[in-house]
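**Student:** Sequence plus predicted model, see below.
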Amino acid sequence: MINDQVLGIILGGGQGSRLYPLTKDRSKPAVPIAGKYRLVDIPISNCINSDIKRMYVLTQFNSASLNAHIKNTYHFSFFSAAFVDVLAAEQTMQSNKWFQGTADAVRQSMHHFLANDFEYALILSGDQLYNMDFKDMIQKHKESGAKISIATYPVNAKDATSFGLLKTNSDNTITSFIEKPASELLPDWTSEVSAEMKSEGRNYLASMGIYIFNRDLLIELMANPDTIDFGKEIIPQAIGEA
């Protein structure tokens, strides 16, 4: 089963200043939603409902509430291989630094990931609200022979400057990527979208921060300590090579 080959990696997020004061004493993924739930339950639930049962949550900023919620919420059978484990930023013989960015968080945690048998790493944000079946994306990734796949969502010009934008060719291969472009650059970043999206002015393909990496490529990319962020460095530099 293909989803047995997938390891979920959920990024615990940073300061979350736009949600202050909700994030005064907690990270953004720990913000309550719908009663007893937290934002981090969204990507975790999406994984579980997609038959992805092995997940790490990488935490650092104001993480006590998030760590406690995950510890007290997700319990699987003793005989199951399923888990949702917290990986807090830690000092090691290789690094004494805090996570410097999204890619650096993954890099510093690679020794934990590689203790597992997996072919694909599904990297997710811990603070997004959405419903998605990852099985379809994983299957497309495998069938296409891609080494990296990115989930996108059409947005309008007002929102486009807050996202990483990409353009693709007729085979849905990514040809270019830019992180949070200035508004004057937007005319060069429109894409072909459905008639419905076009009527709403949503002409830009925004990265959702949902990535699939082949294991071997992830290992290769994480070997470079100078790249610390997926959107700013890893993805743009990998275009044409992956």
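**Tutor:** Perfect, I can see it now.
**Student:** Show me what the longest strand seen in the chain is packed against.
**Tutor:** Longest strand in the chain, counting residues (DSSP state E): strand 204-214. The contact analysis (3 or more Cβ pairs under 8 Å, 6 or more residues apart in numbering; DSSP states H and E) places strand 204-214 against strand 120-125, helix 134-144, strand 148-155, helix 157-160, strand 164-168. Using the backbone N, CA and C atoms, a C-beta is placed for each residue, glycine as well.
**Student:** Let me see the domain layout of the chain.
**Tutor:** When the chain is parsed with automatic domain parsing, its domains come out as 1-145, 151-208+223-242.
**Student:** Let me see the contact set for the spatially closest residue to Val193 that is not a sequence neighbour.
**Tutor:** In this structure, Val193 finds its nearest non-sequential neighbour in Pro154, 4.8 Å apart by Cβ to Cβ, 6 or more residues apart in numbering. Pro154 makes contact with Ser191, Val193, Ser194, Met197, Arg202, Asn203, Tyr204, Leu205, Ala206, according to Cβ atoms under 8 Å, 6 or more residues apart in numbering.
**Student:** And those residues, which two are furthest apart?
**Tutor:** For these, the maximum inter-member distance is 14.8 Å, found between Ser194 and Ala206 (Cβ to Cβ).
**Student:** Quote the end-to-end distance of stretch 11-28.
**Tutor:** Stretch 11-28 stretches 11 Å from its first residue to its last (Cα to Cα, to the nearest Å).
**Student:** how about the helices in the protein?
**Tutor:** 41-49, 64-73, 102-108, 110-113, 134-144, 157-160, 195-199, 215-222, 235-238 (DSSP state H).
**Student:** out of those, deepest packed?
**Tutor:** Mean neighbour count, computed with mean count of other Cβ atoms under 10 Å, is highest for helix 102-108 among the helices of the chain, reaching a mean of 24.
**Student:** before we move on, the earlier item: buried only: go through the contacts of Pro154 for me.
**Tutor:** With burial judged by 16 or more other Cβ atoms under 10 Å, the buried subset of the contacts of Pro154 is Ser191, Val193, Met197, Arg202, Asn203, Tyr204, Leu205, Ala206.
**Student:** I'd like the distance between the third one and Ile210.
**Tutor:** Yep, that's Met197 we're talking about. From Met197 across to Ile210, the span is 18 Å (Cβ to Cβ, to the nearest Å).
**Student:** and if you look at the fourth one?
**Tutor:** Applying Cβ to Cβ, the value for Arg202 to Ile210 is 18 Å.
**Student:** how about the nearest residue to Asn167, chain neighbours excluded?
**Tutor:** Actually, residue 167 is Lys rather than Asn. That would be Ser176: by Cβ to Cβ, 6+ apart, it lies 4.9 Å from Lys167.
**Student:** For stretch 186-203, output the C-alpha coordinates as PDB.
**Tutor:** Extracted C-alpha coordinates of stretch 186-203, given in PDB (Å, rounded to 0.1, in the frame of the first residue of the first chain):
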ATOM      1  CA  LEU A 186       2.400  40.000 -10.500                       C
ATOM      2  CA  PRO A 187       1.600  40.500 -14.200                       C
ATOM      3  CA  ASP A 188       4.400  38.000 -15.100                       C
ATOM      4  CA  TRP A 189       3.000  35.400 -12.700                       C
ATOM      5  CA  THR A 190      -0.500  34.700 -14.000                       C
ATOM      6  CA  SER A 191      -1.500  31.100 -14.800                       C
ATOM      7  CA  GLU A 192      -4.100  29.300 -16.800                       C
ATOM      8  CA  VAL A 193      -6.900  28.400 -14.300                       C
ATOM      9  CA  SER A 194     -10.500  27.200 -14.600                       C
ATOM     10  CA  ALA A 195     -13.200  29.600 -16.000                       C
ATOM     11  CA  GLU A 196     -14.700  29.800 -12.500                       C
ATOM     12  CA  MET A 197     -11.500  30.800 -10.900                       C
ATOM     13  CA  LYS A 198     -10.800  33.300 -13.700                       C
ATOM     14  CA  SER A 199     -14.200  34.900 -13.200                       C
ATOM     15  CA  GLU A 200     -13.200  35.500  -9.600                       C
ATOM     16  CA  GLY A 201      -9.800  37.000 -10.500                       C
ATOM     17  CA  ARG A 202      -7.900  34.100  -9.000                       C
ATOM     18  CA  ASN A 203      -5.200  33.800 -11.700                       C
END
